[in-house]
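Visitor: heads up, no residue letters with this:
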């Protein structure tokens, strides 16, 4: 993203697809494109999706397990940006765009933290 030739490649129903997003496309544009493309092909999925999971690279020390995303969780992800400055801002964009695209699932979005997994590993 944010490159002169931002492109997406995906596979749906066994068919490979590719699209150019245009110069300087941002994460939000890519996510909107993906959602709109999938729902254009399969509009029934909008109501069939029961929940949305967001993989988050760093949750700091606060998040030791997966959690339902609330405004408080979003603040916690924001607070952990210094630990994952390339990833956490993009994750927050993904959460925001998912909330816009699927407002009926706002209370059914879960953050799954890589750091929570690592906290379960025994110390060496």
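Guide: Nice, thanks for sending it over. This one's a predicted model, so the numbers in the text were calculated from it and none came from an experiment.
Visitor: show me the helices in this protein, by range?
Guide: Along the chain, counting by DSSP state H, helices occupy 27-41, 45-48, 71-79, 88-101, 114-119.
Visitor: dump the residue contacts of the residue nearest to the spatial centre of the chain.
Guide: For the chain, the residue lying nearest the average C-alpha position, counting by C-alpha atoms, centre = their mean, turns out to be residue 94 (3.8 Å). Residue 94 makes contact with 27, 31, 54, according to C-beta atoms under 8 Å, 6 or more residues apart in numbering. To be clear about C-beta, it is placed using only N, CA and C from the backbone, and glycine gets the same treatment.
Visitor: how about CSV for those residues, with neighbour count and distance to residue 15 added?
Guide: Shown next, in CSV, are the contacts of residue 94 (neighbours: other C-beta atoms under 10 Å; distance: C-beta to C-beta, whole Å):
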residue, neighbour count, distance to residue 15
27, 17, 25
31, 19, 21
54, 18, 27
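Visitor: which one of the residues you listed is nearest to residue 79?
Guide: Of all the contacts of residue 94, residue 79 sits closest to residue 54, with 16.4 Å by C-beta to C-beta.
Visitor: quick check: the gap between the closest one and residue 92.
Guide: Distance, residue 54 to residue 92, using C-beta to C-beta, to the nearest Å: 9 Å.
Visitor: check residue 40 too.
Guide: Relative to residue 92, and taking C-beta to C-beta, residue 40 is found at 26 Å.
Visitor: so those two - more neighbours on which side?
Guide: Under the criterion of other C-beta atoms under 10 Å, the comparison of residue 40 against residue 92 puts residue 92 first, with 17 against 8.
Visitor: wait, doesn't the more buried one sit right on residue 77?
Guide: Yes - Residue 92 is in contact with residue 77 according to C-beta atoms under 8 Å; the separation is 6.0 Å.
Visitor: burial count for the closest residue to residue 22 other than its chain neighbours?
Guide: Nearest non-adjacent residue to residue 22, counting by C-beta to C-beta, 6 or more residues apart in numbering: residue 6, 6.8 Å away. Neighbours of residue 6 under the rule other C-beta under 10 Å: 18.
Visitor: cool, thanks, signing off.
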